[in-house]
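In: Give me the fold of what follows.
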Amino acid sequence: MENIVNKARITEIKLNKYILHDLANPDKIYEGIIKGTLKSKEKSLNVGDIVSLRQMYDTWLIDSVLPRKNKIIRPPVSNIDQMILVIALTNPKPDYLLLDKELAFCFSKNINPIICVNKIDLKDQDESYSNELEYIKNTYEKLGVKVVYISVKNNVGINDLNNILTNNITALCGSSGVGKSSITKFILKNHDIQIGELTSNSKKGKHTTKQVNLYLVEYLVNAYILDTPGFSEYDLYDIEYKDLKLYYPEFLKDKCKYLDCMHVNESESECTIKKLVKENKVDMLRYYRYVEIYLKLKENYDRKYK
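Out: Down below sits the predicted model:
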């Protein structure tokens, strides 16, 4: 007996077995193994991969892997559509350096970034809240990045969140205390999973899951949430310092005198971006954070190759 399923998505990997959801009917679940001819590629299969399956008697065989939209090394996942970057405007204060790294990571991987401002129920408890809110709008919304404002505690903005999740493979990331775990648990309320916050110092998971899983959000249409031990976007591990400028949308609108301008050590007469910063047409603080990230990437590069 032989039956062919054109496409299925890997949602979990257990040793040498793969849990897969039929792409046309996500409620239909298979347990498959790799076909012999793919054994050499076994380590390269990721959660999120779309594969073709072939049924041989009672066994489902993965016999090919379809081209990927993107591939992330740490954690090993593929084909993420979007990433929700969770921040809070108070308790804790926003970590804009981390946010800028996350945005660059998304743009480099062809992942649509969405900034999710959580804990808006605390807006009347902090005098600086309105200043942070204005900064988000004037800096990030002007870049064309979608921003949603929610409160899981008070059930505010949940419809906006559900609309974003529908028909997408979504990952969430954010620093400790911003409510990423609460949002994930709220979305995956039909699943019995344990999710831990990230510790603020090491950014490593505390009581987190140790494997990557894709969970189907049953009450939405074709929506999956990626549950992982944590992303490594903090290090921007595979972005070279020379390419960092490509992932800043505000740098791409105007040309500098020289094509290889890095917008760091060049003079204002050569660097259009520096002129725009001086004229308040490019956010100065975000530019300074760009320089900080650039110098760190260059330091890592020089240490590796010199």
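In: quick one: the helices in the stretch 1-150 of the chain?
Out: For the stretch 1-150 of the chain, the helices defined by DSSP state H, counting those that start in this stretch cover 96-108, 129-139.
In: residues in contact with Tyr287?
Out: His263, Ile273, Val277 (C-beta atoms under 8 Å, 6 or more residues apart in numbering). The C-beta positions use only the backbone N, C-alpha and C, and glycine is treated the same way.
In: who wins for most neighbours among the residues you listed?
Out: Compared across the contacts of Tyr287, Ile273 has the highest neighbour count, 25 neighbours, by other C-beta atoms under 10 Å.
In: I'd like to know how many residues surround the spatially closest residue to Val212 that is not a sequence neighbour.
Out: Nearest residue to Val212 in three dimensions, chain neighbours excluded: Val47, at 4.4 Å (C-beta to C-beta, 6 or more residues apart in numbering). By other C-beta under 10 Å, the residues close to Val47 number 23.
In: hang on, the earlier thing: filter the contacts of Tyr287 down to the ones in helices?
Out: Ile273, Val277 (DSSP state H).
In: Could you export the contacts of Tyr287 as CSV, including distance to Tyr290?
Out: Below are the contacts of Tyr287 laid out as CSV (distance: C-beta to C-beta, whole Å):
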residue, distance to Tyr290
His263, 7
Ile273, 9
Val277, 10
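In: Surely Gln125 touches Thr90?
Out: Yes: under the criterion of C-beta atoms under 8 Å, Gln125 makes contact with Thr90 at 6.8 Å.
In: Give me the more crowded residue out of the two.
Out: Thr90 (17 against 10).
In: check contacts around that one.
Out: Contacts of Thr90 by C-beta under 8 Å, 6+ apart are Lys119, Leu122, Lys123, Gln125, Asp126, Ser128, Tyr129, Glu132.
In: Quick check: of those, which has the highest neighbour count?
Out: Result: Lys119 is most packed of these (other C-beta under 10 Å), 26 neighbours.
In: Is the nearest residue to that one once chain neighbours are set aside bridged to anything, and to what?
Out: Of all residues not flanking Lys119 in the chain, Ala88 sits nearest, at 4.5 Å (C-beta to C-beta, 6+ apart). Ala88 forms beta bridges with Asn118, as assigned by DSSP bridges.
In: what sits against Ala88?
Out: Pro94, Val117, Asn118, Lys119, Leu122, Gly177, Val178, Gly179.
In: Return the per-residue confidence for the first one.
Out: Meaning Pro94. Per-residue confidence (pLDDT) for Pro94: 93.
In: what residues are up against it?
Out: Ile87, Ala88, Glu132, Ile136.
In: The third one contacts Pro92, correct?
Out: No: with contact taken as C-beta under 8 Å, Glu132 and Pro92 are classed as non-touching, separated by 11.2 Å.
In: Low-confidence ranges, this protein, go.
Out: 1-2, 36-43, 193-210, 229-234 (pLDDT under 70).
In: ok, longest helix in it?
Out: The chain, longest helix under DSSP H: helix 284-305.
In: quick one: that one to helix 129-139, angle?
Out: 70 degrees (axes from the mean of the first three to the mean of the last three C-alpha atoms, to 10 degrees).
In: so helix 284-305 versus helix 96-108, what angle?
Out: Using the same axes, to 10 degrees: helix 284-305 against helix 96-108 is 70 degrees.
In: and helix 284-305, how far from the chain's centre?
Out: 21 Å (C-alpha atoms, centre = their mean, to the nearest Å).
In: Please apply the same query to stretch 161-170.
Out: 13 Å.
In: Quick one: residues in contact with that stretch.
Out: By C-beta under 8 Å, 6+ apart, stretch 161-170 touches 48, 79-84, 114, 116, 146, 148, 150, 183, 187, 214, 217, 220-226.
In: sorry, back to before: looking at the contacts of Pro94, which one is closest to Glu240?
Out: Relative to Glu240, the closest of those is Ile87; by C-beta to C-beta it sits at 26.8 Å.
In: how about the nearest residue to the closest one, chain neighbours excluded?
Out: Closest to Ile87 by C-beta to C-beta, 6+ apart is Pro94, at 5.0 Å.
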